[in-house]
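Colleague: the following block contains a protein sequence and its predicted model.
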Amino acid sequence: MRILTAIIAIAVGFLVLLGYFFPQAAPLQILLLDWAIILAGAAALVGFFNIAIVHLDKIGHRDRNAVYSAILVIGLFATFIFGIILKPQHPYMQAFALNGIIVPVEASLMGLLAVSLLYAAVRLLRRRADLMGIIFIVTAGIIFLGSATLPFGDVPFVGTLLRPWITQVWALGGARGILIGVALGTLTTGLRVLFGADRPYGGK
């Protein structure tokens, strides 16, 4: 069975790869990618029901955080039902689900993450004050001062010149380096799967 799954996975991988180089193989590539999208949707549906079952079980056992589980289940099923009826592109879905809930929650989590990172940097600096820690805390302070909405507007020089230079030169260069590393790692992993060196589909 492991040999069969390896043959299927390698063959499908090569067929999808050939579709990018030879137009004759493009229809088969599109078909295989459509199947992959269907499988991904089925996996997401399984995950949806798994989350619902876990939190319904917490509600049934009257767990300490059962209230939060009830809110999650109600929101989960409401979003799922209205998403099926109205479709995700509907203006009401965009206004209430996306712009009214998802975007504010993501913004709040990013704000908490930024504050938590700055607090962790300060604690680290108190324990071990080295050059890299000082550079990190100074850079984070500059970004905070330059990004904060203050009553008198942007901080002179920091918000208008220093913060854009750090975010568009240093941070953007680092982000591009990370993306290049992710791309190379993904390429290496894909090649190892194609040549049978790694077999995640066989339980290894």
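Modeller: Okay, I see it.
Colleague: and the longest helix anywhere in the chain, how far out from the chain's middle?
Modeller: In the chain, ranked by residue count with DSSP state H as the criterion, the top helix is helix 26-60. Using CA atoms, centre = their mean, to the nearest Å, the distance from the centre of helix 26-60 to the centre of the chain it belongs to is 17 Å.
Colleague: give the buried residues for the helix or strand just after that helix.
Modeller: Moving toward the C-terminus from helix 26-60, the first helix or strand encountered (DSSP states H and E) is helix 66-86. Of the residues in helix 66-86, 69, 72, 73, 79, 82 count as buried by neighbour count, 16 or more other CB atoms under 10 Å. Placement of C-beta: from N, CA and C, glycine included.
Colleague: same check on stretch 23-39?
Modeller: Buried residues in stretch 23-39, defined by neighbour count with 16+ other CB under 10 Å: 25, 29, 32.
Colleague: ok, the residue nearest to the spatial centre of the chain to residue 96 distance?
Modeller: By CA atoms, centre = their mean, the chain has its centre lying nearest to residue 106, at 11.1 Å. Counting by CB to CB, to the nearest Å, the gap between residue 106 and residue 96 amounts to 15 Å.
Colleague: outline the domain layout of this structure.
Modeller: The record's domain split for the chain, according to automatic domain parsing, is 1-86, 130-204.
Colleague: closest to residue 113 out of the buried residues of helix 66-86?
Modeller: Distance to residue 113, by CB to CB, is smallest for residue 72 among those, at 21.0 Å.
Colleague: from what I see, the closest one and residue 55 are in contact.
Modeller: Yes: in terms of CB atoms under 8 Å, residue 72 counts as a neighbour of residue 55; the distance is 5.5 Å.
Colleague: mind listing the shared neighbours of the two?
Modeller: In terms of CB atoms under 8 Å, 6 or more residues apart in numbering, residue 72 and residue 55 are not both contacted by any residue.
Colleague: for the helix or strand where residue 179 lies, which helices and strands make contact with it?
Modeller: In the assignment (DSSP H and E), residue 179 maps to helix 172-194. Counting contacts by 3 or more CB pairs under 8 Å, 6 or more residues apart in numbering; DSSP states H and E, helix 172-194 packs against helix 2-18.
Colleague: the helix it packs on: how far from the chain's middle?
Modeller: Distance, stretch centre to chain centre, for helix 2-18: 27 Å (CA atoms, centre = their mean).
Colleague: relative to helix 2-18, how tilted is the helix holding residue 179?
Modeller: With axes from the mean of the first three to the mean of the last three CA atoms, to 10 degrees as the criterion, the two stretches helix 172-194 and helix 2-18 enclose an angle of 130 degrees.
Colleague: mind listing what's buried in helix 172-194?
Modeller: Result for helix 172-194 [16+ other CB under 10 Å]: buried residues 193, 194.
Colleague: chain center to that helix: distance?
Modeller: Distance of helix 172-194 from its chain centroid, counting by CA atoms, centre = their mean, is 16 Å.
Colleague: related to what we said a few turns ago, adding mean pLDDT, write the domains of the chain out as CSV.
Modeller: Shown next, in CSV, are these (pLDDT from 0 to 100):
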stretch, mean pLDDT
domain 1-86, 87
domain 130-204, 80
